[in-house]
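>>> need a structure here:
(2 chains)
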Amino acid sequence: MRLHGTKVPHHKNTAGSVPVPLPLPKEVVIPMSMHIGRPARVVVKRGDEVKVGTLIGEAEGFISAPVHSSVSGKVLKINEITMSNGASVQAVVIETDGLQETDESIKPPELSDFDSYVAAVRKSGAVGLGGAGFPSFVKFSVEDLSRVEAVVINAAECEPYITSDTRTMLDKTEFIFKGIEAIKKFIGTKKFVIGIEDNKGECIKKLKEFCDKTDGVEVCVVPSIYPQGGEKVLVYNTTGRIIPQGKLPLDAGVIVINVTTLAFVAEYLETGMPLVSKVVTVDGSAVKEPKNVIAPIGTPLKNLLEFCNTDSEPAKILYGGPMMGISVPSADVPVLKMTNAVIAMDEKEAAPPKTTPCINCGRCLNHCPLRLDPRAISKAYARNSGEDLEELYADLCMECGCCSYVCPAKRPLVQTNKLAKALLREYKSKKEDKK
Amino acid sequence: MKKLISSVSPHFHSPITTQKIMLDVIIALMPAAIASVIIFGFRSLLVIGVCVAVCVFCEWGFEKICKKENTTSDLSAVVTGLLLAFNLPVSIPLWQAAFGSIVAIVVVKQIFGGIGQNFANPALTARIVMMTAFSGSMTAWVFPDASSTATPLALFAKGELDSLPSLLDMFLGVRGGCLGETCTLALLLGGIYLLVKRVISWHLPVAFLGTVALMSLVCGQQPLYQLMSGGLMIGAIFMATDYSTSPATKWGKIIAGVFCGLITVLIRFWGNFPEGVSFSILLMNILTPYIEKLTRAKAVGGAKR
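As a prediction, the model looks like this:
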């Protein structure tokens, strides 16, 4: 038995598009928070000269990640900017000099043992490149390494349009397997499972060729029924393990890492060049020439859209895919570390559907990959009942979007689930206080 | 540059809408409508027309009076009108058909909040109200040649087994009965269409029909005859599967189907009425919230409590 949600259109138009470097922007805006956890602390000041790979933000606290300059040039200013989640963070604005010189300090890290490996992953600035942005080294900071029974490599790429992971698998296959070797060596894991959707035949073929030459790696092909790339879904469908409520994959004996993150870390171990650029899929109904581009982090989205010959006035622009992506307030926002796609939609594709009354058809609960009942959750939320939301496991919701997608009445179920989760958090903390 | 649209994910939506679902149900009911004209004559079109027109008018009128958004375009009132008409004998006085339509839409559906909010099936409840109010005209089974007959189930109840129609006649629907319920062939065609279009799932109808067949065998009755008699086919395929009033969970559908089957058999074999499909579905409607709660799927990874 497998977990799945619903079939969504794939639109993998750019699967064959080899990433092309974007012309260098005039300036880049690099926020200090491009990860889950505390924002990095700015370590440059106005007027400083920076080069590609220069540290501009130092990680603060445990769950955090360092930030590096993606260009060579001069720090113009340090700004407060509003991120798409509403948080206000500091951002370093750098004027490019067009030379793209590499920082002198860039050299491959010295690796000897587990600690040096984790330190290197931390220094690389790696975060979950599948879109979540969780600092990668935190996943590897395991006290008891025997708990890591398997590593699940997330190559599902289940979101419509996005093909940046596809390109990693085709163009950087050797780095994926070098990354696997590094984990074998420093963490000691023997079992690796690459979870991939069956709509990526070419990638599957190439990965299998490499697998034949490597011990302990298995390609697990899952049906392309969204959301195979959801962590809980992928871990269950590839290993049969269930990540318990409120716990980490490690509690089910696995570490999950995105395929592009893994390849990047391997590349860093060889070159020492931190995370400063991203392969980004630019697509959507408003994009006339969909492409994969290599963009320096901090590049305004409008540069990517112009490069791909996009309508001058798209109706909606997304960070990420259409199922879980975030709609941005303007085309001036920068490419972030975890930006794997920029989707621009025209009026027709972006038009909000008309919401009608719930007809109790049950499509939402029958398509929930985690078997939640979004219809009951929205009713419990309307009643303001934290108790009922707890009973309905509302906090398990991963906001994959299947319920809203299949709803014939076009109810905003994901939105209600988000609100319900906030209400449940409040209810649970109040309950804790009473104890 | 103009302002970008900002909204919560997902930014994609499936093409399915309430209106398309209801349109599929209407399409699925068409074979039975055509069969009713062939079997009972053109008056059946008149009854269908009155029920549909009054249902849609009531929906529009009630929402107008209550200053609510007009929802007639979702076509659910058309479905209710069709189903109610299918549950009436062809000779029903038209004013009575209109009265039933008003009960269905105003009393059973709109007063409880409109589509999705009613706890009982509107067409079915209206039929039961009419059976109580107009018991004479609701049980007059007249054929186009003006001959009248008892329904097979009534014959069963009276023990007049010799005058029962053949199995083939039952399958084609040439028998006494309500105008849309007799033609098993047409109803099955509609049911297959709904299954293929994934408007309904197999769980409830199969559990319902299966239980009736099994219980008939156990009680020494001919199961095929029981399956094709009365309003069982239309009830199991079209009425019991109504979204608003049946459980949304898979196991809930199966439990509801078995429950409907048991009550139907109980009334048919031992009750005072010859037919029990309407009552069984209505009872199931009332239990639906509890069945749903009992059969809620276990959340994947949900902590035990």
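>>> interface residues of the stretch 201-350 of chain A facing chain B?
Contacts of the stretch 201-350 of chain A with chain B, taken as C-beta under 8 Å from any C-beta of the partner chain, map to A:232, A:236, A:242-246, A:313-318, A:322-331, A:343, A:345, A:350. (Each C-beta comes from the backbone N, C-alpha and C, glycine too.)
>>> what does the stretch 1-150 of chain B put close to chain A?
Counting by C-beta under 8 Å from any C-beta, the residues of the stretch 1-150 of chain B close to chain A are B:1-2, B:4-14, B:16-18, B:20-21, B:71, B:74, B:76, B:114-117.
>>> burial count for the residue nearest to A:Leu250 when sequence neighbours are not counted?
Leaving out its chain neighbours, the residue that sits closest to A:Leu250 by C-beta to C-beta, 6 or more residues apart in numbering or on different chains is A:Arg147, at 5.9 Å. Residues contacting A:Arg147 under the criterion other C-beta atoms under 10 Å in any protein chain shown number 13.
>>> list phi and psi for the residue in the stretch 201-305 of chain B that chain A sits nearest to.
With C-beta to the nearest C-beta as the measure, B:Ala248 is the residue of the stretch 201-305 of chain B nearest to chain A, at 2.6 Å. Per-residue torsions, B:Ala248: phi -90, psi -20 (degrees, to the nearest 10).
>>> right, and it touches A:Cys358 too?
No - contact criterion C-beta atoms under 8 Å: B:Ala248 and A:Cys358 do not qualify, at 10.6 Å.
>>> number of nearby residues for the residue in the stretch 301-435 of chain A that chain B sits nearest to?
Nearest to chain B, among the residues of the stretch 301-435 of chain A, is A:Gly362, at 2.6 Å (C-beta to the nearest C-beta). By other C-beta under 10 Å, the residues close to A:Gly362 number 20.
>>> how about it, nearest residue that isn't a chain neighbour?
A:Gly362's closest residue in space is B:Ala248 (C-beta to C-beta, 6+ apart), at 2.6 Å.
>>> who's in contact with that neighbour?
Applying C-beta atoms under 8 Å, 6 or more residues apart in numbering or on different chains to B:Ala248 gives the contacts A:360-362, A:365-366, A:375, B:292.
>>> same check on A:Val152?
A:193, A:195, A:234-235, A:238-239, A:249, A:254-257.
>>> where's it, which helix or strand?
Per DSSP states H and E, A:Val152 falls inside strand A:150-154.
>>> average model confidence for that strand?
Looking at strand A:150-154 alone, the average pLDDT works out to 96.
>>> quick revisit: out of the contacts of B:Ala248, which sit inside helices?
A:365-366, A:375, B:292 (DSSP state H).
>>> tell me which residue is most central in the chain.
No chain specified, so I'll use chain A. By C-alpha atoms, centre = their mean, the mean C-alpha position of chain A lies nearest to A:Gly131, the distance being 1.2 Å.
>>> chain B is the one I meant
B:Met239 (2.3 Å).
>>> distance check, that residue against B:Val103.
16 Å (C-beta to C-beta, to the nearest Å).
>>> what does A:Lys291 give?
From A:Lys291 over to B:Val103 the distance is 62 Å, taken as C-beta to C-beta.
>>> please apply the same query to A:Gly5.
40 Å.
>>> just A:Met324 next, same as before
Counting by C-beta to C-beta - A:Met324 and B:Val103 are separated by 46 Å.
>>> run a quick neighbour tally on residue 83.
Looking at chain A here, since you left the chain open. Neighbours of A:Met83 (other C-beta under 10 Å): 17.
>>> the intended chain is chain B.
For B:Leu83, the count of nearby residues is 27 (other C-beta under 10 Å).
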